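In: Fold the following, please.
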Amino acid sequence: MSIPNLDKTDRAILNLLQADGSMTYKEIAGKVGKSMTSVVERIRFLKCNHYIKRTVALIDIEKVRPLMVAFPHIQLKEHSQENILDFKKRMSTYAEVMECFHLTGHFDFMIKIVLPDMVGYNEFMTTNIASLPYVGAIQSFLVLSETKHETAYLL
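Out: Numbers count the residues shown, from 1 in each chain. So this is what the prediction gives:
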């Protein structure tokens, strides 16, 4: 499956940056066999056209502070466009919500929440999710351990 508007070099650059976003233009140019000027222009194109959303540092959070990860599944009572949009908007405002997915199937949303402990999780869910008038059922899945965590997409 090819990516629209991207050639082999663009995909190679994206793969390299996904593996190490701190690579210099010179390092990337050497690995893809292109001039540094060409690489700078291609990365500028990739950023301007939102193929690259942002560049971040991935930290080992367990070395920084304790945490609890949960994946609550949320079912709405009514599936109006207004309720769906409101839920998405609210979830995007909470720092505790790391990811939010609108789903098919029995549940309407799955969110990834990271908090220090179960007390914080309960308070967050009670105050910010269960209190919404259009939220019906909530089923929580708590993470016991993480076996794999990747951020790079296979291109």
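
In: just how off-centre is the strand or helix carrying residue 29 within its chain?
Out: Here residue 29, judged by DSSP states H and E, is contained in helix 25-32. Taking Cα atoms, centre = their mean, to the nearest Å, one finds helix 25-32 lying 27 Å from the centre of the chain it belongs to.

In: same thing with stretch 98-106?
Out: With Cα atoms, centre = their mean, you get 12 Å for stretch 98-106.

In: Next: stretch 101-118.
Out: 12 Å.

In: Go through that stretch and flag the buried ones.
Out: Judged by neighbour count using 16 or more other Cβ atoms under 10 Å, the buried positions of stretch 101-118 are 107-111, 113-115. In short, each C-beta sits where N, CA and C put it, glycine included.

In: contact partners of it?
Out: Contacts to stretch 101-118, defined as Cβ atoms under 8 Å, 6 or more residues apart in numbering, come from residues 61, 65-76, 79, 84, 87-88, 91, 96-100, 121, 124-125, 137, 139.

In: how is the chain carved up into domains?
Out: 8-48, 61-139 (automatic domain parsing).

In: Span of the longest one from start to end?
Out: The straight-line separation of the ends of domain 61-139 (Cα to Cα, to the nearest Å) is 25 Å.

In: circling back to that earlier point, what helices or strands is the helix or strand just after the helix holding residue 29 leaning on?
Out: Of the helices and strands lying after helix 25-32 in sequence (DSSP H and E), the nearest is helix 36-48. Applying 3 or more Cβ pairs under 8 Å, 6 or more residues apart in numbering; DSSP states H and E, we find helix 36-48 packed against helix 8-19, helix 25-32.

In: among those helices, which is nearest residue 39?
Out: helix 25-32 (4.5 Å; Cβ to Cβ).

In: tell me the pLDDT at residue 60?
Out: Looking at residue 60, its pLDDT stands at 83.

In: for residue 3, same thing?
Out: pLDDT, residue 3: 55.

In: which SS class is residue 21?
Out: coil (DSSP: H, G, I helix; E, B strand; the rest coil).

In: number of nearby residues for it?
Out: For residue 21, the count of nearby residues is 14 (other Cβ atoms under 10 Å).

In: Pull the contacting residues for it.
Out: 55-57.

In: Can I get the helices and strands packed on helix 36-48 in TSV including distance to residue 51 and mean pLDDT?
Out: Converted to TSV, those look like this (distance: least, Cβ to Cβ, whole Å; pLDDT from 0 to 100):
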stretch	distance to residue 51	mean pLDDT
helix 8-19	7	95
helix 25-32	15	97
